[in-house]
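S.K.: I'll drop the sequence and a predicted model, then ask my questions.
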Amino acid sequence: FSFLALLGEMLEVFTSVYEHSSPELAQFEREYRKHVYEHYLQIDQEILVYMREFASRNGLAGRDLATIYRAAQIIQNSAEYDLDYDVALDDEENMVLAYRSGICRHFASAATLLYRAMGIPARYTEGFALDTAPMRELSISKEMRHAWVEVYIDGMGWIAVEVTGYIGGAANNVAIIFNN
């Protein structure tokens with residue numbers, strides 16, 4: 001079973017539930033969706049042009065699940081994860097694409113901007129990535145800090161998308177704990 005197939009089946013279930021839900025729930029979802037599209041597509045005009053050109057060069061078009069997944073892979077493979085990156089460049093909005101190195105927050109920022117430029121509502125998120133192996137005591141440290149992007153899927157909600165390709169210290173069983 002591929003990730004996309006599973007996500008596609010989940011979307012069908014959520015869509016079916018949404019279509020047969022109460023009128024109040026359907027109205028709330030429509031209002032929230034409007035809010036999402038008003039606030040999570042905002043992007044500076046200069047960056048919008050840069051990201052649309054990047055998307056075009058990489059054959060990214062559409063807003064379907066396969067395109068979301070391909071965009072994540074392209075961002076992931078566009079730069080090297082480097083803890084020793086040049087911190088003087090931290091304020092660069094498209095640092096990971098322009099300088100080809102960075103850490104999770106740079107990858108997540110670039111992906112957020114790319115998705116927004118493609119018309120996919122996206123938000124930058126920070127938290128912790130933990131190894132959740134069974135029967136193991138969990139301890140959280142600053143080395144477990146992580147950033148990722150979330151995209152909004154109509155009728156389903158926010159979906160976390162990992163674009164870094166590296167989650168420091170976490171092994172196979174990864175849980176993301178959100179920062180509030």
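M.R.: Nice, I can see it.

S.K.: Could you use CA atoms for every contact and neighbour count after this?
M.R.: OK.

S.K.: helices and strands of the protein: which one has the lowest mean pLDDT?
M.R.: Taking mean pLDDT, DSSP states H and E as the measure, strand 174-178 is the helix or strand of the chain with the lowest mean score, a mean of 41.

S.K.: which residues of the protein fall in strands?
M.R.: According to DSSP state E, the chain carries its strands in the segments 80-81, 101-102, 122-131, 145-153, 157-161, 174-178.

S.K.: Partner strands of the fifth one and their direction?
M.R.: Pointing back at strand 157-161 there. Here strand 157-161 is paired, per DSSP bridges, with strand 145-153 (antiparallel).

S.K.: Touching the strand it pairs with from outside, list them.
M.R.: Applying CA atoms under 8 Å, 6 or more residues apart in numbering, the set of residues contacting strand 145-153 from outside is 36, 104-105, 107-109, 111-112, 115, 120-129, 158-164, 167-168.

S.K.: Which members of those residues are classed as buried?
M.R.: With neighbours counted using 16 or more other CA atoms under 10 Å, these contain these buried positions: 36, 104-105, 107-109, 111-112, 115, 120-126, 128-129, 158, 161-164, 167.

S.K.: closest one to residue 52 among the strands of the chain?
M.R.: strand 122-131 (15.0 Å; CA to CA).

S.K.: List the strands paired with the closest one, with their directions.
M.R.: Neighbouring strands of strand 122-131 in its sheet, by DSSP bridges, are strand 145-153 (antiparallel), strand 174-178 (antiparallel).

S.K.: got the CA positions of it in CSV?
M.R.: The C-alpha coordinates for strand 122-131 follow below in CSV (Å, rounded to 0.1, in the frame of the first residue of the first chain):
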residue,chain,number,x,y,z
ALA,A,122,0.0,25.6,3.7
ARG,A,123,1.4,26.5,7.1
TYR,A,124,4.8,26.3,8.7
THR,A,125,4.8,24.2,11.9
GLU,A,126,7.4,23.6,14.7
GLY,A,127,7.5,21.0,17.4
PHE,A,128,9.5,17.9,18.4
ALA,A,129,10.2,14.6,16.6
LEU,A,130,10.5,11.7,19.0
ASP,A,131,11.3,8.0,18.7
